[in-house]
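Q: structure for the following, please:
(4 chains)
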2 protein chains.
Amino acid sequence: MSTSLIRQLRDAGYKITPPRLAVLEIIQREGEHLNPNEILAHAQAIHPQTGRATVYRTLELLTQLGIVRPIYVGDSGPTYIRAQGGHHHLVCSRCGAVIDFDQCVADGMERELEERFGFRITSHLLEFYGLCAHCQTLTSAALSE
Amino acid sequence: MSTSLIRQLRDAGYKITPPRLAVLEIIQREGEHLNPNEILAHAQAIHPQTGRATVYRTLELLTQLGIVRPIYVGDSGPTYIRAQGGHHHLVCSRCGAVIDFDQCVADGMERELEERFGFRITSHLLEFYGLCAHCQTLTSAALSE
DNA sequence: CGATTATTGAGATGGATTCTCATTTGTTCG
DNA sequence: CGAACAAATGAGAATCCATCTCAATAATCG
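A: Numbering: from 1, shown residues only, chains lettered A, B, ... in the order given. Take a look at the predicted model:
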């Protein structure tokens, strides 16, 4: 498992502990869209004593270090993803359906924003909101009643 | 205050009630980035009996109708914005600072996505994550200790 | 205006997150 | 290697936010 992330933690002055290793391992392995509860469960599979509070604390830490990031999609609570690259969604505001798409024009903007605002950008999120094909028909049906 | 939103509610078969009017009014007026609690407080300034549950119910309704949309930025919980046009943020994953910027390339993608997925798109959110200028210095300081 | 039905408000409930604090464990340094 | 120190942990309590329940109310339609 990635030693560079471990080095990043250590260099920032944090201790390398079993729960932190477990959470890192899970983010590396499973990666996408696990919520804190699921992360806890997976972590306990690796290090059974892992407590809930520690998972929350670790996720906060990894977020601050720019290693992971919470994402809110649909109605459910936060899920965590690796904080690198882009995530692109089409979200139906009526039924909550989510479609992922790939091509994205945001990368082209990163350089310019970094220069303009002095940021070091590591990831982005692009979401479009509207009505999916299905919910469009529902809405017009409601209107014509 | 906007009669078109009221018509939209009525046409969709919903009743026009004081709490709904109050929330609509607030979204129109204040518009940006109020959380449910703040919306409740403002609504009670207009219609004192307004209950918390009703605010949540109304926000859910307005979300489904594509009038408002929750947004999660930084660490705090959801805030609500008008669901139209674009919102563009630069978010520091370490300190949570948020910078708004204007120019956006996403508009150019809407048409194509609408055709490809059959969506009717009404708004978008583009967020870049990374380290702000200040937190970059903090991190390198930590590294050099 | 009266009937019908959606909507409301108050409080109970539920679930997720954070806090507290005594204990444990990494890390550093002799 | 083996203290010593500070950081990190885990268990449960406490808090906070959101949802649910249900009897009472009020908007709409004829």
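
Q: longest strand of chain A?
A: For chain A, the strand reaching the highest residue count under DSSP state E is reported as strand A:120-131.

Q: got the angle for that one vs strand B:120-131?
A: Computed by axes from the mean of the first three to the mean of the last three Cα atoms, to 10 degrees, the angle separating strand A:120-131 from strand B:120-131 equals 160 degrees.

Q: now strand A:120-131, how far from the chain's geometric center?
A: 11 Å (Cα atoms, centre = their mean, to the nearest Å).

Q: list the buried ones in that strand?
A: A:121-131 (16 or more other Cβ atoms under 10 Å in any protein chain shown). Where C-beta positions appear, they are placed from N, C-alpha and C, glycine not excepted.

Q: ditto for stretch A:98-113
A: For stretch A:98-113, by 16+ other Cβ under 10 Å, it's A:99, A:104, A:106, A:109-110, A:113.

Q: my read is that A:F128 contacts B:R116, right?
A: No: assessed by Cβ atoms under 8 Å, A:F128 is found out of contact with B:R116, at 11.3 Å.

Q: ranges for the strands of chain A?
A: A:68-71, A:79-82, A:85-92, A:98-100, A:120-131.

Q: with mean pLDDT and distance to DNA strand D as extra columns, can I get the ones you listed in JSON lines?
A: Below are the strands of chain A laid out as JSON lines (pLDDT from 0 to 100; distance: least, Cβ to the nearest atom of the strand, whole Å):
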{"stretch": "strand A:68-71", "mean pLDDT": "93", "distance to DNA strand D": "14"}
{"stretch": "strand A:79-82", "mean pLDDT": "94", "distance to DNA strand D": "16"}
{"stretch": "strand A:85-92", "mean pLDDT": "92", "distance to DNA strand D": "16"}
{"stretch": "strand A:98-100", "mean pLDDT": "92", "distance to DNA strand D": "17"}
{"stretch": "strand A:120-131", "mean pLDDT": "94", "distance to DNA strand D": "18"}
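
Q: picking up where we left off before, give me the common contacts of A:F128 and B:R116.
A: Common contacts of A:F128 and B:R116 (Cβ atoms under 8 Å, 6 or more residues apart in numbering or on different chains): none found.

Q: ok, A:Q49 - contacts?
A: Contacts of A:Q49 by Cβ under 8 Å, 6+ apart: none found.

Q: just to revisit the earlier point, so what does the longest strand of chain A touch, helix or strand wise?
A: strand A:85-92, helix A:107-117, helix B:107-117, strand B:120-131 (3 or more Cβ pairs under 8 Å, 6 or more residues apart in numbering or on different chains; DSSP states H and E).

Q: redo these as a markdown table? Include distance to B:Q84.
A: Compiled in a markdown table, those are given as follows (distance: least, Cβ to Cβ, whole Å):
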| stretch | distance to B:Q84 |
| --- | --- |
| strand A:85-92 | 15 |
| helix A:107-117 | 22 |
| helix B:107-117 | 12 |
| strand B:120-131 | 5 |
